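Enquirer: turn this into a structure:
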Amino acid sequence: MEKVLAAVRVGPSQTEIREYPMPEIPADSALLKVEVAGICGTDVKLYSHPPNDKPTIMGHENIGYIAKAGREFTRRKGFKEGDLVFVEHYVSCGQCEWCHAGQYRHCENTNWRTNPDAIRYGYTSAEKAPHLWGGFAQYVYLPWNAVVHHVPKGVTPELAGLVTPMANGVEWSLFDGGVGYNSSVLIQGPGQQGLSQTVICKQAGAALVIVTGTSKDAARLEVARALGADYVINVDEENVLGRIMEITNDRGVDVALDCTAGAGTKPILLSIDALKRKGGIMVAQGELATFPNFPLEKFTVKFITMHSARGHSYQSCELALQQIASRRFPLEKITTHRFGLKDVDLAIKSVGNQGVPGVIHASLMPWV
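Expert: Numbers count the residues shown, from 1 in each chain. Modelled structure (predicted):
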C-alpha cells in the first residue's frame, strides 16, 4: 500500500516523520498534493505549547494540486484533478446558523477550542482517520465540506502561500477596521500579518500608514517601507506616541491594528492613546489572558470601537488571491525562506526568531 510522509508534532517542540496509508477517496471527497504549507506565528505558539498531547500534523496555510477528485466533489464544488488550489483551514458543518450566514469560521464543527472532535487543518489529531489533517505532509485529505479556492493563473504555489496572512489583512483592516480612502492607520508589528495589513491598507487607499517594530525588526521595517509604509518607527529608540502625534499633527490615527501577537498590554494601550480624539477603531488579536487596570474610561470617552481579529472569510480569501495575482506589490519580500519536510522543527523555530535569521514567512515544501 502506498504511504504518505508527514511531519507530526508528538510533544512540545518535538516532531517525528511518520508514514500514513494513502486514503481511499470517496465520490464526494478529494486528495490534495501539497506544494506549499505556510508557517506563521500561530504555528510557533502551538508548537511550543500544544493545546493537547495528541499527535498532530500541523500546517494550516495549504496550497497544492488536486491529485484525485471524486465525481461528486467535482460536480458540487467545481474543482477537478490538476487544479492548483488554496484550502482554508476551517472545515464546517454546513448546517448551523454560522454556516448559513457564510461565517463558517465560527462553526462549532471547526472550533478546536471547545469541540474535541473539531476538524481544522493543522489542529486536528492525526489519530482521526484518514489522518491527513495538516499541510506538513505530502498529501492532505479533502472531505465534502472543505473550503477550497482556485489559485489564479500565473501565481506560483510559493506566492500563493501568502494568501492566509493576506486574507487576514483584508478581514481585519478592511472589514473590521473600515480602512478606506484617505484613512490613517497604525500597524504594530512588522511580521507577516503586519506586512500583509500594510499592503491591503495601501491598496484600499489609505493616505497614511505607520508601522512600528523593535530593533530586532530592522530588516522587516525596511520591507514595510518597500511595501508602501509611509513611516516606520523603532519602539526601542523613539517615543512612539510622540512620533505618531508629530506625524499626524496631534490628530491621531483613524485605525490601529495590533499585529504583535502577544506583546503584552503595551500595544493595546498605545492603540488607545494613538487613536483620534473621538470614534477611532482598533483591531486586536486577543493574546492577553488578563488585562488589569484596563483604561475603560479613556476607551469609552474617546468612543473607541474594538474588534477581535478572528481569522478570515471566504470573501477575504478571494480578494487576497486577487491581490497576490495583481503583482502590484513586491510580495516576494515577505515569503523569504523554504524548508523541506525533515526541517519542520527548524522552520517553525526560525519563524519564531530562534533558528535561521531573517525569516518572515516560511514555505514548507514537502517534496523538497
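
Enquirer: from H100, how far out is T56?
Expert: Per CB to CB, to the nearest Å, T56 is found 30 Å from H100. Where C-beta positions appear, they are placed from N, C-alpha and C, glycine not excepted.

Enquirer: looking at these two, which is more packed in?
Expert: Here T56 and H100 are compared on neighbour count by other CB atoms under 10 Å; more neighbours surround T56, at 25 against 10.

Enquirer: list the contacts of the more buried one.
Expert: V8, R9, P50, G122, Y123, T124, S125, A126, W133, G134 (CB atoms under 8 Å, 6 or more residues apart in numbering).

Enquirer: strand partners of whatever helix or strand I210 lives in, parallel vs antiparallel please.
Expert: In this assignment (DSSP states H and E), I210 forms part of strand 208-213. If you go by DSSP bridges, strand 208-213 pairs up with strand 184-188 (parallel), strand 231-234 (parallel).

Enquirer: now, which of the contacts of T56 sits nearest H361?
Expert: Relative to H361, the closest of the contacts of T56 is G122; by CB to CB it sits at 15.3 Å.

Enquirer: once you drop chain neighbours, what's closest to the closest one?
Expert: Among residues not flanking G122 along the chain, H60 sits closest, at 3.2 Å (CB to CB, 6 or more residues apart in numbering).

Enquirer: mind listing what's buried in the strand holding I210?
Expert: Neighbour-count burial for strand 208-213, with 16 or more other CB atoms under 10 Å as criterion, is recorded at L208, V209, I210, V211, T212, G213.

Enquirer: do you know how far the last one is from A207?
Expert: When you say that, I think you mean G213. Taking CB to CB as the measure, G213 falls 21 Å from A207.

Enquirer: for W172, same thing?
Expert: Between W172 and A207 the computed distance is 19 Å (CB to CB).

Enquirer: of those two, who's got more company?
Expert: Using other CB under 10 Å as the criterion, W172 and A207 rank with W172 on top: 30 against 13.

Enquirer: check contacts around that one.
Expert: W172 sits next to Q197, L257, V283, H307, A309 when contact means CB under 8 Å, 6+ apart.

Enquirer: ok, the residues you listed vs H361, which is closest?
Expert: Using CB to CB, these come closest to H361 at Q197, 13.6 Å.

Enquirer: wait, is the closest one part of a strand?
Expert: No - read with DSSP: H, G, I helix; E, B strand; the rest coil, Q197 is helix and lies in no strand.

Enquirer: for it, which non-adjacent residue is closest in space?
Expert: Q197's closest residue in space is G169 (CB to CB, 6+ apart), at 4.6 Å.

Enquirer: could you do A362 as well?
Expert: That would be I39: by CB to CB, 6+ apart, it lies 4.2 Å from A362.

Enquirer: share the number of residues neighbouring the one you found, please.
Expert: I39 is flanked by 31 other residues according to other CB under 10 Å.

Enquirer: off-centre distance for the host helix or strand of D273?
Expert: D273 belongs to helix 266-274 when assigned by DSSP H and E. On the basis of CA atoms, centre = their mean, to the nearest Å, helix 266-274 sits 23 Å off its chain's mean C-alpha point.

Enquirer: so which bits of it are buried?
Expert: Per 16+ other CB under 10 Å, helix 266-274 contains these buried residues: P267, I268, L269, L270, S271, I272, D273, A274.

Enquirer: for stretch 39-55, same thing?
Expert: Neighbour-count burial for stretch 39-55 [16+ other CB under 10 Å]: I39, C40, G41, T42, D43, V44, K45, L46, Y47, P50, P55.

Enquirer: in CSV, could you pull the C-alpha coordinates for that stretch?
Expert: C-alpha atoms of stretch 39-55 as CSV (Å, rounded to 0.1, in the frame of the first residue of the first chain):
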residue,chain,number,x,y,z
ILE,A,39,4.2,28.7,8.6
CYS,A,40,3.0,31.6,10.8
GLY,A,41,3.3,32.9,14.3
THR,A,42,0.3,30.7,15.4
ASP,A,43,2.4,27.6,14.5
VAL,A,44,5.2,28.9,16.7
LYS,A,45,2.9,29.1,19.6
LEU,A,46,1.1,25.8,19.1
TYR,A,47,4.4,24.0,18.5
SER,A,48,5.9,25.1,21.8
HIS,A,49,2.7,24.9,23.7
PRO,A,50,0.4,22.3,22.1
PRO,A,51,-3.3,22.5,23.1
ASN,A,52,-3.3,18.7,23.8
ASP,A,53,-1.0,15.7,23.8
LYS,A,54,-2.3,14.1,20.7
PRO,A,55,0.0,13.6,17.6
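
Enquirer: picking that back up, highest average neighbour count across the strands paired with strand 208-213?
Expert: Neighbour counts (mean count of other CB atoms under 10 Å) averaged over each of the strands paired with strand 208-213 peak at strand 184-188, with a mean of 28.

Enquirer: show me what the helix or strand of the chain with the lowest mean pLDDT is packed up against.
Expert: Least confident helix or strand of the chain, by mean pLDDT, DSSP states H and E, is helix 41-48 with a mean of 92. When contacts are defined as 3 or more CB pairs under 8 Å, 6 or more residues apart in numbering; DSSP states H and E, helix 41-48 packs onto helix 344-351.

Enquirer: any idea how far the helix it packs on is from the middle of the chain?
Expert: Centroid separation for helix 344-351 versus its chain: 16 Å, with CA atoms, centre = their mean.

Enquirer: again with stretch 175-186
Expert: Stretch 175-186 sits 19 Å away from the centroid of its parent chain (CA atoms, centre = their mean).
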